[in-house]
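**Student:** model this:
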Amino acid sequence: MQKKVTGRVRRRMRIRKKVHGTTERPRLCVFRSAKHIYAQVVDDTLGTTIAHASSVTGKSGNKVDAAKSVGSAVAKACIEKGVEQVVFDRGGYQYHGRVRALAESAREAGLKF
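**Tutor:** As a prediction, the model looks like this:
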């Protein structure tokens, strides 16, 4: 298990070298645990979180459906605060399954990335 965590952390650091959120285009970062998924929109120049959402407070059930609801919730919160474009940070996870569902539902809700 230690190798798996270390590999994800390495991939995450490799991604973070290239992906940087600005005030005009903040970073949408994703964290995925065994039960839940979390998303937050971060302005790296100011070091502040603009919006966040998680599946902890949402309904229980299918994990992919929970990820879709988190994606649309974070997109609605961003649009309310005037943010329409973001940079996607998948956090070292594969763009597949819950991470992909979150990204696609955020796009459908109006975010551009």
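
**Student:** Show me what counts as buried in the helix or strand where M13 lies.
**Tutor:** Assigned by DSSP states H and E, M13 belongs to helix 2-18. For helix 2-18, a neighbour-count test (16 or more other C-beta atoms under 10 Å) marks R12, I15 as buried. Every C-beta, even on glycine, is put in place using the N, C-alpha and C of the backbone.

**Student:** What segments of the protein are helices?
**Tutor:** Assigned by DSSP state H, the chain shows helices spanning 2-18, 63-80, 98-108.

**Student:** So which of the ones you listed is nearest F88?
**Tutor:** Closest of the helices of the chain to F88 is helix 98-108, at 6.0 Å (criterion: C-beta to C-beta).

**Student:** partner residues bridging the residue nearest to the spatial centre of the chain?
**Tutor:** With distances taken as C-alpha atoms, centre = their mean, V30 lies nearest the centre of the chain, 3.1 Å away. Per DSSP bridges, the residues bridged to V30 are A39.

**Student:** which regions of this protein sit below the pLDDT cut-off?
**Tutor:** 1-4, 58, 60 (pLDDT under 70).
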